[in-house]
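*Asks:* Okay, structure incoming, though there's no sequence with it:
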């Protein structure tokens, strides 16, 4: 026989009750109240299972009414940017003053064909690419769709001419080259706050730019150059030589062709001439007509969206499907890109179904009593799946009243399938360990008496972790935590009511010998309990064996001594060997824990090895976690196999050094009284090391001052004359391109609502660089505001990427705050419910070590610190608490030596903890094949949570408890159970013949380690 657990530990709780301190008395009060409450609930559910199910369904139905307030939020800045951040406030101010006027589509043309390469020769500067670019432009102009702008509008035809973003073109350019969509300004020259444009009033044309601008968008002119023997490189170099300061003006729009953003991977030869380029860019803009759609939770423009999807469908997103022979085309079209990104989540929704199927199969296997048609529990497994589904409905109903739905919420079904199922295992396990000779009503009362407090500890810890997470300043994280908290609460409530009632009904089916699923079919079950619980309960003369082998009448045990009660705990699983496990081996697992696993980890050498190994690994992962990178990249949210990934790679490789656009803003000032303000903003931007000096800084004000005002006039002109000169200069045809950089208030008085100076950042590749680029420029521009005594937030820098970069600034502090508070909440909850500081500290230590291990391994597994990973790390805290808290709670209610108490705790809760870990693993393992960044991070963190959580809950914590674990709590018996036990003493006068009619419950106990441990514990 295997060696018994080491008995070198001093027995701590034998027949003498331990002294109770203040905390112990509080524990007895809390634990006693909870056990009594759950005992009452068990009596109610066990006695009225069908009524309980009815009320549960009605309750969830009422909660589902909340989905009428369901709304979706998809805008990044409303998900990942603190709502009260200065950056978001400034960005909204910019959008009010300078509304986003266009939807930009970009097309990247790479050389295609034998002997061509982006990185050698002329690359994309060849005639085949030019012809393909003209072909694409013709397709763009030919696409038309039928669509309503708003639901109440009539459908109409939309094409590029009436969707495109119009720009003002000087009249002399328009008369020389007027594209088909160009429209002469109607009804005379347009007026502006600064005056009219005069006799040379501009016309408007669609904004299109690219390599074809060299021929004013005229394919005939381009083909004439080709026929003359000129190369594309020759044409480009000629345009550069004849330009002003290297700035080529587009013949069709009058706007500068920004060289570094039109050509990527440019190569230069002797004399500075261009010799080739890897990529040529073509782009156009559609007018922004967005309006808010409450149902979609975002701004929409149905005609533009439908037109863009039609264009993408015509051009083919996948280069392998394109028919262009002269170039390889990669493109970014707003609506097409949005659909491609969302497919990363919606394309993986099938994993939800696969996960649920795995969980249902696992439940069916683990819940079965034996392998007979009666012992099968597929129906109960389906009830467990229904419990999870109803919990999700509860979360949707209540969550919709609290916060919007976001993309992060897609992981909620996996959380419930993984974490929620744990509660079901605990309830089922405790019911199986009750005395089967008692009535179902009493059995469920006793089951919930033990299971209820245990799952309350873990549920409350999870709920508080989510509650703390909901206080974060990141809206997506906050909304998700609110929904997740409701989901965990829902599965807890339903596990104690709906699922518990299903367990009772399933026991009725088994006792009646009816087949699983097909309850109308009666099967002969050779292992069925003789007479069944109902038979025993219905016969007052029936006597059974209660806890510890003591006589019982009507299922109520005669009061036993302390040692007998202790031994009863160890015999609970043995009492159900024949009916709980059968050929399927659940009780064999408990025997293995007692005979093999317990002795293996509890010998002195193993204890030292376990403590050293776990603390050593925590040290290594703690050291590694300091190197966790902080990143948030848009390409992470694009499916790995998507052509959009290649487009992002080309953009980053050949245009990455250009950085992103930004502007310095000055608002609410009078131009004449602040003549140096915009010059100072420009100087501050030029001096910042993160500004791309090759692309320069664009300032309408500097051009105005240098071309229109001499040094003397700059200081001596009156405000009125200064304002008049500025208005006239901006109204001239050559300078209409600057009108989008200025918003007049009262132009006649020179009052400016807002003016901006534009530039580009240099390329940034790390979070540290992006944070530095944003914060240093903000400081530099704000210094101008302070130096001039301007009111706050009237001089600032802003860019559309700040919404992403703001997250990088707050994530570290948010992570530390939320994770720290979650661990603190874990300690408080465990302290209240387990009511011993040593045990609470040990459980919290185990949770903290799990988190350190996860952080360290995530560093090696390429998981960066960002909003998505912080959400999952918070979840990991709640998950790892479950494994440790169940063992610690059971340990505090066992008696004997520390080693014996640990073995008893593992015997009672070990199977449930293992099942819970296995269910969580099965819930997320399917996500290993996901293309979604959110799902991939979720899989990695939860996989590590299961591995390290089980390791610390079943190895590290038991070993530490066996070394320094505190004394056990006194047992608490609800008054109703005591009364039943007292009434059972009447049965002690029954005749031996009557006693023999009932088979003692302990007769089925195995003759191995469980029985020997029972006898030692009873001494």
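*Replies:* Cool, got the structure. Everything numeric in this text was worked out from a predicted model, so none of it was measured.
*Asks:* Mind jotting down where the helices sit in the stretch 401-550 of the chain?
*Replies:* Along the stretch 401-550 of the chain, the stretches classed as helices by DSSP state H, counting those that start in this stretch are 412-415, 421-432, 440-469, 475-494, 500-511, 532-538.
*Asks:* among these, which is nearest residue 590?
*Replies:* Smallest distance to residue 590 across these (Cβ to Cβ): 10.1 Å, for helix 421-432. All C-beta spots, glycine's among them, are computed from the backbone N, C-alpha and C.
*Asks:* Report all helices and strands that the closest one contacts.
*Replies:* helix 350-367, helix 378-402, helix 440-469, helix 500-511, helix 898-925 (3 or more Cβ pairs under 8 Å, 6 or more residues apart in numbering; DSSP states H and E).
*Asks:* what's the angle between the third one and helix 475-494?
*Replies:* Put plainly, it is helix 440-469. Using axes from the mean of the first three to the mean of the last three Cα atoms, to 10 degrees, the direction of helix 440-469 lies 170 degrees away from that of helix 475-494.
*Asks:* Closest to the centroid, which residue in the chain?
*Replies:* The chain has residue 408 as the residue nearest its centroid, 3.7 Å off, counting by Cα atoms, centre = their mean.
*Asks:* lowest-confidence stretch among the helices and strands packed on helix 421-432?
*Replies:* Among the helices and strands packed on helix 421-432, helix 350-367 has the lowest mean pLDDT, at a mean of 78.
*Asks:* got the domain boundaries for the protein?
*Replies:* 24-72+342-512, 101-171+204-287, 587-627+808-964, 658-799 (the TED database).
*Asks:* Throw these into a markdown table and include distance to residue 93, thanks.
*Replies:* As requested, the domains of the chain are exported to a markdown table (distance: least, Cβ to Cβ, whole Å):
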| stretch | distance to residue 93 |
| --- | --- |
| domain 24-72+342-512 | 19 |
| domain 101-171+204-287 | 16 |
| domain 587-627+808-964 | 19 |
| domain 658-799 | 7 |
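*Asks:* Return the residues in contact with the nearest residue in space to residue 622 that is not next to it in sequence.
*Replies:* Residue nearest to residue 622 in three dimensions, not counting chain neighbours: residue 852, with 4.9 Å by Cβ to Cβ, 6 or more residues apart in numbering. If you count contacts by Cβ atoms under 8 Å, 6 or more residues apart in numbering, residue 852 has them with 618, 621, 622, 625.
*Asks:* give me the element residue 852 is part of.
*Replies:* helix 837-860 (DSSP states H and E).
*Asks:* ok, back up a step: got CSV for the helices and strands packed on helix 421-432, with mean neighbour count and distance to residue 427 too?
*Replies:* CSV is the format used below for the helices and strands packed on helix 421-432 (neighbours: other Cβ atoms under 10 Å; distance: least, Cβ to Cβ, whole Å):
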stretch, mean neighbour count, distance to residue 427
helix 350-367, 19, 11
helix 378-402, 22, 10
helix 440-469, 25, 5
helix 500-511, 23, 6
helix 898-925, 25, 9
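*Asks:* closest one to residue 601 among the ones you listed?
*Replies:* Per Cβ to Cβ, nearest to residue 601 of the helices and strands packed on helix 421-432: helix 898-925, 8.6 Å.
*Asks:* Quick check: buried residues in the longest helix that the chain contains?
*Replies:* Counting residues, the longest helix found in the chain (DSSP state H) is helix 802-834. For helix 802-834, a neighbour-count test (16 or more other Cβ atoms under 10 Å) marks 802-811, 814-815, 817-819, 821-823, 825-827, 829-834 as buried.
*Asks:* now do stretch 953-969
*Replies:* Neighbour count says stretch 953-969 has 953-963, 965-969 buried, by 16+ other Cβ under 10 Å.
*Asks:* out of the residues you listed, who's nearest residue 47?
*Replies:* So of those, ranked by how close each gets to residue 47 (Cβ to Cβ), first place is residue 969, at 29.1 Å.
*Asks:* Spatially nearest residue to residue 431 (excluding sequence neighbours)?
*Replies:* With Cβ to Cβ, 6+ apart as the criterion, residue 431 has its nearest non-adjacent residue at 4.0 Å, and that residue is residue 447.
*Asks:* Please name the residues that touch that neighbour.
*Replies:* Residue 447 neighbours (Cβ under 8 Å, 6+ apart): 42, 427, 430, 431, 433, 434, 500, 503.
*Asks:* Pick out the most distant pair among the residues you listed.
*Replies:* Using Cβ to Cβ, the contacts of residue 447 span at most 14.5 Å, a distance reached by 433 and 500.
*Asks:* hang on, residue 209 in a strand?
*Replies:* Yes - applying DSSP: H, G, I helix; E, B strand; the rest coil, one finds residue 209 inside a strand.
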